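Asker: Pasting the sequence and the predicted model now:
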Amino acid sequence: MGFKDMAIFNQALLAKQALRLVEKPDSLCARFIKAKYYPNGNLLDTAFIRSSSPVWQGIKHGLELLKSGYIWRLGNGKSVDIWRHNWLPRGNLRVSGKAAPTRIRRVSDLLMPGQREWNAQLINHIFYPHDAETILNLKLPASDGEDVIAWQGEKSGNFTVRSAYRLALDMTMPSTTGESSGSPQGDRKLNDVIWKANVPPKVRVFGWKLATNSLAVQVLRSWRIGKGRPTCSICGREEETNFHAVMNCTKARALRLRMRSDWKLPEEGALRQEGDDWVLVMLDSVDALTHQRLLLLWWRVWHLRNDSIFGTSMATIEESAQCIRSYSLALENMKGPESGIWSCLQRAVHDNRQNGMHMSSEPRAGWTPAAADWLKLNCDASFIPQTGESWWGSILRSSTGTIIASAWGISGQCVSVVEAEAIAARCGIEALCEDAGMKLHLESDCIDLISGPIGHLLCYLRYQRFAS
Ligand SMILES: [Zn+2]
């Protein structure tokens, strides 16, 4: 790769100078510059004095690039600012915000006191689910040494002018909104457009990854391992960006075309890539229903794409169309007081096939839906008397009979069919209905359970969500 753009090449060189100051804070040059321009704090997270000195302007220019591409490798976590530093090894290197108010600032405060272990309860409480997941998957070093800075653009973690040049080039791609997703305005917008969207949580997490460029598309991967810009591994026609993956690639176009026969989507001409923040720009410009449908569509396209690259290539366009259509219908039926249920559906949301579970989507003869404003939960168990093994399954349906969610699992050893049925009812509620103020009609076909101590099965459940 040649360095065609001299201004960008120059910034990459300046980033190298800035890195020297960070890595060798005791050098004569670093001490001189610190005393003059940032006497308090350190180079990576200090607000600087205004100065027109060309030396300082140059360092600042290089530092901007350095800040976009460095990542902390954790030691004791004491040097790493949770909210301002890059420390998560993924597309978007920073956490996406606070899910609950907290004064905690250093990564070291996220560890169990005196241990080399994450405080999972605390982490799940103060971070959004996708951030919590990334953090809890981060391996902590066995001994508690100093935190060190590494460069993301090279596998080795060592800074190179070449990869800094490539990063700077990527960063010059135009952004029409002027609100990149890293800025406070961008965070607010991300919050409104993604986190408040009326889609299941896992689709929101996907939407967030798409909007912040955190999906594992080739362009990002190749930047990290220091190769050139690759073409799409499915169609080979264009560079594999997130826009290409969910909008322009063959499967993306095919599923969108298929959905046009069911859904009113914006004209093709209106679905353009407008800068880095195209996801937010596009979602912001459509009505709530289209907003929801675009997110579902992209989420499913990503599934199709992964299935053809890493999976069995068995997923079909028709199946995908059915899947997102039923999601959208279920969401339609969930308007009103029950809509909060989406916040607690953690498991197996109407994806029976993916989970290897085959439940009939048609209710059996004689089944009637719950009254308006109520949901109906059907629970069932299978029990092998000889071995005591048992399994449970449950389906939650709206008052129109549409499946909202389903879940299943192994109940373990039971002594009787009544016990197995009781566990099925409990597991069904725990998996699907743990929501405050939900009107739930619980139905089981086990007469002993109905006439037993559990009593009537028509219950009004008021669950308090865990508040820790
Ligand atoms: Zn493609």
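Answerer: In hand now; what should we look at?

Asker: Okay, residue 198 and residue 376: tell me how far apart.
Answerer: 22 Å (CB to CB, to the nearest Å). C-beta: built from backbone N, CA, C; applies to glycine.

Asker: of the two, who's got more company?
Answerer: residue 376 (21 against 18; other CB atoms under 10 Å).

Asker: Is residue 377 in a helix, a strand, or coil?
Answerer: Recorded secondary structure, residue 377: strand (DSSP: H, G, I helix; E, B strand; the rest coil).

Asker: can you give me the strands in the protein?
Answerer: Secondary structure of the chain by DSSP state E: the strands cover 70-73, 148-151, 375-383, 389-397, 403-413, 438-444, 458-461.

Asker: Redo those strands as JSON lines? Include distance to the ion and mean pLDDT.
Answerer: Supplementary listing: these in JSON lines, determined by distance: least, CB to the ion, whole Å; pLDDT from 0 to 100:
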{"stretch": "strand 70-73", "distance to the ion": "29", "mean pLDDT": "88"}
{"stretch": "strand 148-151", "distance to the ion": "29", "mean pLDDT": "85"}
{"stretch": "strand 375-383", "distance to the ion": "41", "mean pLDDT": "79"}
{"stretch": "strand 389-397", "distance to the ion": "37", "mean pLDDT": "76"}
{"stretch": "strand 403-413", "distance to the ion": "33", "mean pLDDT": "70"}
{"stretch": "strand 438-444", "distance to the ion": "43", "mean pLDDT": "74"}
{"stretch": "strand 458-461", "distance to the ion": "47", "mean pLDDT": "32"}
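
Asker: Of these, which is nearest residue 128?
Answerer: strand 70-73 (19.5 Å; CB to CB).

Asker: tell me which strands and helices that closest one is in contact with?
Answerer: With contacts defined as 3 or more CB pairs under 8 Å, 6 or more residues apart in numbering; DSSP states H and E, strand 70-73 has these neighbours: strand 148-151.

Asker: Show me what counts as buried in the strand it packs on.
Answerer: Neighbour counts using 16 or more other CB atoms under 10 Å place 149, 150, 151 of strand 148-151 among the buried residues.

Asker: Number of residues surrounding residue 262?
Answerer: 13.

Asker: Now do the residue lying closest to it once chain neighbours are set aside against the ion, distance only.
Answerer: Once flanking residues are discounted, residue 262 sits nearest to residue 325: 5.9 Å by CB to CB, 6 or more residues apart in numbering. Distance, residue 325 to the ion, using CB to the ion, to the nearest Å: 24 Å.

Asker: I'd guessed residue 325 sits against residue 255; true?
Answerer: No - the pair residue 325 and residue 255 does not pass the contact test of CB atoms under 8 Å, sitting 11.2 Å apart.

Asker: Looking at those two, which has the bigger crowd around it?
Answerer: A count of neighbours by other CB under 10 Å puts residue 255 above the other of residue 325 and residue 255, at 23 against 16.

Asker: show me the contacts for the more buried one.
Answerer: Listed by CB atoms under 8 Å, 6 or more residues apart in numbering, the contact set of residue 255 reads 297, 300, 301, 304, 317, 320, 321.

Asker: Okay, and the beta partners of residue 441?
Answerer: According to DSSP bridges, the partner residues bridging residue 441 are residue 376, residue 458.
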